[in-house]
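Participant: Model the structure of this input:
(one chain, ligands or ions: 1)
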Amino acid sequence: MSLSNGRAYLAIPGPSVIPEAVLQTMHMASPNIYEGALHDLTDSLIPDLKALAMTQANVAIYIGNGHAAWEAALANVLSSGDTVLVLATGRFCIGWGEMAQGLGAKVETIDYGAQDPVDLGQVEQVLAADTAGRIKAVLMVHVDTSTGVKNDVAGVRAVMDRVGHPALLMADCIASLGCDRFEMDAWGVDVMVSACQKGLMTPAGISFVWFNDKADAARGDCVTTYWDWRSRINPDVYYQYFDGTAPTHHLFGLRTALDMIKAEGFEAVFARHEKLAQVIWAAFDCWSAAGPMRLNIADPADRSHAVTSVAIGSPHGDRLRKWCEQQCGLTLGIGLGREPADAYFRIGHMGHVNAHMIMGVLGTIDAGLKALEIPHGSGALEAAAQALAQRA
Ligand SMILES: *Cc1c(COP(=O)(O)O)cnc(C)c1O
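Facilitator: Next comes the predicted model:
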C-alpha cells in the first residue's frame, strides 16, 4: 500500500519545481534561430537578469549547468599559476575551488566546516597578510546548498576594502538568485554565477555569468574561445550564433519564469521565501526538542531561505527520504558533502513553492518520523501552522 499516487513534489534544492506556465511555453516547435522572435526574446532577458542580480554589470548566457558557469567565470579571469582564496562553507565552494585548481590555479582554502558561515575576521587576517597581492580572486558561495548556510557577501567586500586588497570578489548565487536578496553592485561583487534550474524555475540547461569591467580587465590566459564571455555580450554576434545552436526552448521558458518573478515582484518573491523558511524552522524547533534531529545551521540569520539542511543521525536520513517518497510522493534532498550521507537530508524550498506545499512537506516529514519511530519533539505542525497564520 502506498499513498504516493497524485502530483509528486520534488522538494530538493534543484532542479526545482517547474511552473506549468514555463512547461507550456516550452511545448512548442523549434523557432527560427536566424531572426525574429528568438532574438528579441533573448535581448529581453538581459535587462531582467541584470535587474534580478541588482547590477549594471554585463551578463553572459551559457548553455550548461552551474558547473559550466563556474568554469566560464574562472576561465575568463585566471591565468595558470594564479592564486585564488576559497571561503569554504560546504561542498559547493570546495567544488568551485577544485575547478580553479583544474585550470592551473593555486588554491588556498579557509575551511569553515559544514555548520558555520564565513568568519570575516579570518578573511581579514588572510588578506591583510597577503601584502604581495598574490591572491587574484576570492571565491565564495552566497548560499551553500550542501549546508544550507547563507554567507555575508557584502561583509567580505567590506573586509577586502578595509585591508585594501585588490582581488576580485566572485560569488556563486546558483542556489540563491531569485530566492534570497542579492545585490551585486551594492555588495561590491565583481563576478557572479547562477543557473536557471533553482530560483529561476526552468529546466536545467542554461547558466549565467555576470561580470563587471574590473573583472573583464583582469582577464588571464586560461580563457578559450568557447568560454570567452566577451562575444556573449555582443548581441549582433551572439544571439544568432550562440557559439552553436541557441538553447531555444530554455530561452522561452526562462522568459516566462522571469515574467512570473516580475509579476509577483522581486521584494514579494524574497519575502515569500523568507516567510516559508520561517515556517519550516518553526517545525524544526519543535522536532529538535527531543531526539536526533537538528537544523544544520544554528543561527537563523545565517540560514538560506531556499534550502534547509538537516542532521538526523545515520541511517535515519535515508530511511525518512525513502518513506516520504515511496509512501507519500515527496522527494527530499540527499545529504551532500557530509559523512555518513545517510545521517542527513535537505529540503529544497526554492522557486515555485507556496505555503500549502511547505505544509505538505512538514506534515509528511512528521508522519514519517512517527511511522519510522524516529524520536522527535512534538507540536511541530501546530507551530508551523501558527507561524504561517502569523505571516500569511
Ligand atoms: C546547484 C549548485 C551548483 C551546481 O550547479 P549544477 O547546475 O548542478 O552544475 C553550484 N553551486 C551551488 C550553490 C548550487 O546550489
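
Participant: Let me see the ranges of the helices in the stretch 51-200 of the chain.
Facilitator: Listed in chain order, the helices found in the stretch 51-200 of the chain under DSSP state H, counting those that start in this stretch are 66-77, 91-102, 120-129, 153-162.

Participant: buried ones in the third one?
Facilitator: When you say that, I think you mean helix 120-129. L120, V123, E124, V126, L127 (16 or more other C-beta atoms under 10 Å). Bear in mind the C-beta positions are built from the backbone N, C-alpha and C, glycine included.

Participant: That helix relative to helix 153-162, how many degrees between them?
Facilitator: 30 degrees (axes from the mean of the first three to the mean of the last three C-alpha atoms, to 10 degrees).

Participant: Equivalent analysis for the second one, please.
Facilitator: Orientation note: helix 91-102 sits at an angle of 50 degrees relative to helix 153-162 (the same axes, to 10 degrees).

Participant: one step back: could the buried residues of helix 120-129 go into TSV alongside distance to the ligand and pLDDT?
Facilitator: Listed next are these as TSV, based on distance: C-beta to the nearest ligand atom, whole Å; pLDDT from 0 to 100:
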residue	distance to the ligand	pLDDT
L120	20	98
V123	19	98
E124	24	98
V126	22	98
L127	23	98
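
Participant: And the nearest residue to I33 once chain neighbours are set aside, how far from the ligand?
Facilitator: Nearest non-adjacent residue to I33, counting by C-beta to C-beta, 6 or more residues apart in numbering: A246, 5.3 Å away. Distance of A246 to the ligand, computed by C-beta to the nearest ligand atom, to the nearest Å: 19 Å.

Participant: ok, and A246, which helix or strand is that part of?
Facilitator: Assigned by DSSP states H and E, A246 belongs to no helix or strand.

Participant: Quick check: it touching T42?
Facilitator: Yes. Contact criterion C-beta atoms under 8 Å: A246 and T42 qualify, at 7.3 Å.

Participant: Next to the ligand, which bits of this protein? Give me the list.
Facilitator: 14, 65-67, 92, 141, 144-145, 172, 174-175, 195, 204 (C-beta under 6 Å from any ligand atom).

Participant: again, only using 5 Å
Facilitator: G14, N65, G66, H67, F92, V141, T145, D172, I174, A175, A195 (C-beta under 5 Å from any ligand atom).

Participant: Return the members of those classed as buried.
Facilitator: Burial by neighbour count, 16+ other C-beta under 10 Å: within those this picks out G14, N65, G66, F92, V141, T145, D172, I174, A175, A195.
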